[in-house]
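Participant: only geometry, no sequence info:
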């Protein structure tokens, strides 16, 4: 594959993956059976402020990105794009998907959202344009403190879920199911969508092994 075609494929993967990530998060919101950790916080803040969950996601993502400065993390194109595309896609999907109240519909919606999230994660991370701001926070804390990534992720996400739940975010069986399944799903789809790295580097590209961006146990 030529360098130009590889770059084109990677850009498509990046933005399709980020858009699908936002859409999958919206499906979890609609299912109402529990959200992924950071969206528990986003939903709680949305309840508190009256903003949409997508707008809150953008604001929180930008704030987390600022924390990269003292942690000496370098963002890529995918990092910055993640902040905006996911939140916009989430709000757009929520505006299009009708409210559901029947449990037989909410359960498949939950499962579809989790699987789609795994697909989306594999797509955008395999594109090798840099991790999302929240994942970069975990690696930055790991590098600065010397503590394991697993410990850093667990500590931060427990704090995020607890704060979000206290503010009114939805924690439930979906939160647990997401936590135990997203790692294996993302690893699977990373292999499916992996783009072989080019021989040269780029200022907007975060090359390296995309599997290293999956920080979940």
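Facilitator: Right, received. Where do you want to start? From a predicted model like this one, the values you see are computed outputs, not experimental measurements.

Participant: so what's residue 25 closest to, chain neighbours aside?
Facilitator: Distance criterion CB to CB, 6 or more residues apart in numbering; nearest residue to residue 25, sequence neighbours excluded, is residue 90 at 5.1 Å. (C-beta placed from N, C-alpha, C; glycine too.)

Participant: next one: residue 19
Facilitator: For residue 19, the closest residue by CB to CB, 6+ apart turns out to be residue 89, at 4.5 Å.

Participant: and for the one you found, the neighbour number?
Facilitator: 23 (other CB atoms under 10 Å).

Participant: mind listing what it touches?
Facilitator: The contact partners of residue 89, by CB atoms under 8 Å, 6 or more residues apart in numbering, come to 18-23, 26, 54.

Participant: helix, strand or coil for residue 20?
Facilitator: helix (DSSP: H, G, I helix; E, B strand; the rest coil).

Participant: what residues are up against it?
Facilitator: Residue 20 neighbours (CB under 8 Å, 6+ apart): 89, 116, 119-120, 123.

Participant: residue 142 now?
Facilitator: Contacts of residue 142 (CB under 8 Å, 6+ apart): 148-149, 152.

Participant: among these, which ones are in helices?
Facilitator: 149, 152 (DSSP state H).

Participant: so the residue nearest to residue 25 is in which element?
Facilitator: Assigned by DSSP states H and E, residue 90 falls within helix 77-96.

Participant: could I get the buried residue list for that helix?
Facilitator: 77-91, 93-94 (16 or more other CB atoms under 10 Å).

Participant: which strands and helices sit next to the helix or strand following that helix?
Facilitator: Following helix 77-96 in sequence order, the next helix or strand is helix 103-126 (DSSP H and E). Contacts defined by 3 or more CB pairs under 8 Å, 6 or more residues apart in numbering; DSSP states H and E place helix 103-126 against helix 3-31, helix 173-193.

Participant: any weak-confidence spans in the protein?
Facilitator: 1-2, 197-217 (pLDDT under 70).

Participant: circling back to that earlier point, which one of the contacts of residue 142 sits closest to residue 48?
Facilitator: residue 152 (26.2 Å; CB to CB).

Participant: quick check: the closest one vs residue 86, distance?
Facilitator: Taking CB to CB, to the nearest Å as the measure, residue 152 and residue 86 are separated by 21 Å.
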